[in-house]
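Trainee: Quick one, what's the 3D model for this:
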Amino acid sequence: MDGLGRYFIFLHSMLINRERFRTYVRQTLDECVTIGVQSIVIVTVVSVFMGAVMSIQLKYNLQSPLAGDFLVGFGVRNMTILELSPTVMAIVFAGRVGSNIAGQLGSMRISEQIDALEIMGINTTSYLVLPKILATLLTYPLLVIISAFLTMLSGLFAAEFVVNIAPDDYIHGLRYNFDPYSLNFAMYKSLAYAFLISSISAYRGFYISGGAVAVGKASTQAVTDSCIAILLADYVLTQLLLQPPLTV
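Mentor: Below you'll find the predicted structure:
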């Protein structure tokens, strides 16, 4: 509970004694490049293989003659939008971005750069952490959209060239009984995950003490805590936002 209370105090400290708006715009754009643009490669690789594997596994498990080939596209679409692109990609994102944020802030802490900024009267949590959180909130939902598109596209190629499913059947499955709310749900999850990853990682890196070994430990702890928070948030959001309608 002590750590949880300190985390909320840390979040509150970002909202007071802020710098000029122009400062945040410049830093946020720089962080968008580091956090978002430089994550496109890993997102692409994971998404392509994830879609291909799902198509092959779904075809393998749908061996009944009563199960149409369109169900492969239907299953890929639902799993991608509701769970895989937001949640699995969040865990990958936490490993890359979360460790980077914790390591960067941790290095600044042990090299006394943060202490120097505080002596100058700068609110370091607002100046250093807030742009990272804003950049993550801006870029991660876009990465989820890219991931979902690439996953379903690679699933189409795997369905056609590996398991011999007609592209029309796969595309029919993508469109079959589509609920637009699932896209909203994916965006809600992506925003929640983006905030948790960036804030938890920044918190772990900001309050480390010790030498270089402590930076590595903080990065590892940041990824571990972020993954646990992602899974917990996944359960809570699913319970709150995907409750089936009550029937009488």
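
Trainee: Can you point out the buried residues in stretch 212-231?
Mentor: Within stretch 212-231, the residues that count as buried by 16 or more other C-beta atoms under 10 Å are 215, 218-219, 221-223, 225-227, 229-230. C-beta here means a position set from N, CA and C on the backbone, and glycine is covered the same way.

Trainee: I misspoke; the intended subject was stretch 74-90.
Mentor: The neighbour-count check on stretch 74-90 (16+ other C-beta under 10 Å) flags 74-82, 84-90 as buried.

Trainee: I'd like the average pLDDT over stretch 36-45.
Mentor: Confidence for stretch 36-45, expressed as mean pLDDT, is 92.

Trainee: Please apply the same query to stretch 14-26.
Mentor: 81.

Trainee: Now find how far off-centre it is within its chain.
Mentor: Relative to its chain's centre, stretch 14-26 lies at 24 Å (C-alpha atoms, centre = their mean, to the nearest Å).

Trainee: Give me the residues contacting that stretch.
Mentor: By C-beta atoms under 8 Å, 6 or more residues apart in numbering, the residues outside stretch 14-26 that reach it are 122-123, 125-127, 129-131, 133-134.

Trainee: when you check those residues against the helices, which ones overlap?
Mentor: 130-131, 133-134 (DSSP state H).

Trainee: Neighbour-wise, give me the winner out of those.
Mentor: Of all the ones in helices among the contacts of stretch 14-26, the highest neighbour tally under other C-beta atoms under 10 Å goes to residue 130, namely 25 neighbours.

Trainee: Using the three-state scheme, assign residue 210.
Mentor: Three-state call for residue 210 (DSSP: H, G, I helix; E, B strand; the rest coil): coil.

Trainee: So which helix or strand of the protein has the lowest pLDDT on average?
Mentor: Ranking every helix and strand in the chain by mean pLDDT, DSSP states H and E puts helix 2-13 at the bottom, with a mean of 83.

Trainee: Could you check that one and say which residues are buried?
Mentor: 7, 10-11, 13.

Trainee: And stretch 40-49, by the same measure?
Mentor: In stretch 40-49, counting by 16+ other C-beta under 10 Å, buried: 42-43, 46-48.

Trainee: Now for the residue most central in space within the chain, which secondary structure element holds it?
Mentor: Centroid check for the chain by C-alpha atoms, centre = their mean gives residue 90 as the closest residue, at 3.0 Å. Following DSSP states H and E, one finds residue 90 within helix 89-93.

Trainee: Any idea how far the helix or strand following that helix is from the middle of the chain?
Mentor: Note on helix 89-93: by DSSP H and E, the next helix or strand toward the C-terminus is helix 99-110. Distance of helix 99-110 from the chain centroid (C-alpha atoms, centre = their mean) equals 20 Å.

Trainee: Check which helices and strands helix 99-110 is in contact with.
Mentor: On a contact count with 3 or more C-beta pairs under 8 Å, 6 or more residues apart in numbering; DSSP states H and E, helix 99-110 meets helix 113-119, helix 181-206, helix 212-241.

Trainee: Where does the prediction get shaky in the protein?
Mentor: 1-2, 64-67, 243-248 (pLDDT under 70).

Trainee: Compute the number of surrounding residues for residue 38.
Mentor: Residue neighbour count, defined by other C-beta under 10 Å, stands at 14 for residue 38.

Trainee: Kindly apply the preceding question to residue 142 instead.
Mentor: Burial of residue 142 is recorded as 15 neighbouring residues (other C-beta under 10 Å).

Trainee: related to what we said a few turns ago, next, format the buried residues of helix 2-13 as a markdown table and append distance to residue 62.
Mentor: Output for the buried residues of helix 2-13, formatted as a markdown table (distance: C-beta to C-beta, whole Å):
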| residue | distance to residue 62 |
| --- | --- |
| 7 | 45 |
| 10 | 49 |
| 11 | 46 |
| 13 | 53 |
